[in-house]
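S.K.: sequence first, predicted coordinates after that:
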Amino acid sequence: MSVVTLKGVPSIGQSLLSDQLETNLTVFYDYTSLKAGNWFDVKIPTSGAYGGNAHKLRLDEDPSYTKGQVWSAHRMSWVWESGFSNAGISPIQISGVYVDGTFYPNGSAGAYAFKIDYPFGRIIFDTAIATNANVQCEFSYKWINWHTADAQWYKDLQFNSFRVDDKTYLQYGSGNWAVPPHRRLQMPAVVAEIGGRRSFKGYELGGGQIVYQDVFFHIFSEDHWARKQLIDVITYQNDKKIYLFNKNTLNFPLKEDGSLVANPKTYPDYISETGAGGHLWKGAVLSNMSLVNTFTQPSLFGATVRATIEVILGEI
């Protein structure tokens with residue numbers, strides 16, 4: 001190897017180990033928790049603990065769009081993944097939107113053409129519609145939200161996002177929902193962050209290193225039960241082998257505007273695609289799970305779990 005070449009760094013602009021691990025762990029826990037039932041369905045009309053407005057979308061504020069284009073739900077992180085079920089039930093696949101009682105299916109053209117922004121949980125019309133319109137949608141949203149530490153929405157915790165009986169929910173410019181979606185962190189949430197210790201051990205005589213990297217899972221919830229549940233969900237994976245995909249080669253399933261690409265793929269696809277054009281990168285092991293701390297404030301319950309992830313890097 002050349003003495004004037006950095007080991008394992010083909011390009012400064014590529015994602016290296018730290019970024020790869022944060023993304024992979026977030027995607028792994030997000031997909032596997034979905035398979036374990038991490039979603040709630042919202043149907044028309046809504047039923048449940050907090051009344052009947054969850055299926056109604058609110059006129060939202062977004063300076064990137066004309067007033068009347070953006071209509072948001074109370075919860076973000078709409079489920080787009082398919083091909084699995086839990087207890088015989090699968091998440092709702094959004095088929096369209098109702099405007100003043102008329103149904104407009106996906107792919108509609110004309111005055112009510114729209115796209116679905118899955119991460120932010122909203123419908124964005126190509127052109128503004130009447131600001132007093134009654135916009136409704138059936139969808140499923142993720143209960144636990146998994147994020148990386150550099151995500152834009154790791155900024156402001158949003159409380160009471162389940163309370164669609166709150167009179168401010170459907171009021172333009174009022175309440176928790178007046179905060180732009182990229183600034184909201186809806187709970188319960190887990191933020192994965194690379195940090196703590198990193199150590200190396202030689203892999204074999206020909207080169208390579210075994211990397212032991214600590215990762216923190218920061219837990220935020222509005223109740224004690226959710227915090228306990230998330231601690232268990234994360235730490236139960238101690239000594240579990242997982243597979244990592246290479247995000248440098250991957251075409252992610254969501255576009256910049258939050259809508260789906262054609263034929264979107266999910267985590268099992270990423271790690272099953274090998275050979276030329278495949279995205280399977282490396283195997284890894286999660287170990288040394290430990291509960292670092294917990295904290296409790298009024299209406300906020302938090303915790304931090306630390307784990308060590310072991311990866312073999314043959315290129316360093």
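M.R.: That came in fine, so what should we check first? No experiment lies behind these values; they were computed from the predicted model shown. Numbers count the residues shown, from 1 in each chain.
S.K.: my guess is Leu34 meets Ser82, correct?
M.R.: No. In this structure, Leu34 sits apart from Ser82 without contact. The criterion is CB atoms under 8 Å, and the distance is 10.2 Å. For every residue, glycine as well, the C-beta is placed using N, CA and C.
S.K.: between these two, who's got more neighbours?
M.R.: It is Leu34, of Leu34 and Ser82, that has more neighbours when counted by other CB atoms under 10 Å, with 22 against 11.
S.K.: sort out which residues of the helix or strand where the more buried one lies are buried, please.
M.R.: In the assignment (DSSP states H and E), Leu34 maps to helix 17-35. Along helix 17-35, the positions that meet the burial threshold by neighbour count (16 or more other CB atoms under 10 Å) are 17, 20-34.
S.K.: next one: Pro298 from Ser272, what distance?
M.R.: Taking CB to CB, to the nearest Å as the criterion, Pro298 is separated from Ser272 by 46 Å.
S.K.: which of the two has more neighbours?
M.R.: Comparing Pro298 with Ser272 by other CB under 10 Å, the one with more neighbours is Ser272, at 13 against 4.
S.K.: could you find the closest non-adjacent residue to the more buried one?
M.R.: Leu280 (7.0 Å; CB to CB, 6 or more residues apart in numbering).
S.K.: give the buried residues for the longest strand along the chain.
M.R.: Determined from DSSP state E, the single longest strand within the chain is strand 280-297. Within strand 280-297, the residues that qualify as buried are Leu280, Trp281, Lys282, Ala284, Leu286, Met289, counting by 16+ other CB under 10 Å.
S.K.: quick one: residues contacting the last one.
M.R.: By that I understand Met289. Neighbouring residues of Met289 by CB atoms under 8 Å, 6 or more residues apart in numbering: Ile234, Thr235, Gln237, Asn238, Val305, Arg306, Ala307.
S.K.: contacting residues around Tyr29?
M.R.: Neighbour list for Tyr29: Trp146, Val190, Ala192, Val233, Ile234 [criterion: CB under 8 Å, 6+ apart].
S.K.: which ones among the residues you listed are found in strands?
M.R.: Trp146, Val190, Ala192.
S.K.: which of those lies closest to Asn248?
M.R.: Within those, the smallest distance to Asn248 is 18.6 Å, found for Ala192 (CB to CB).
S.K.: is the closest one in a bridge, and if so with what?
M.R.: Thr148, Phe217 (DSSP bridges).
S.K.: pretty sure it sits against Asn145.
M.R.: No. In this structure, Ala192 is not within contact of Asn145 by CB under 8 Å, at 11.6 Å.
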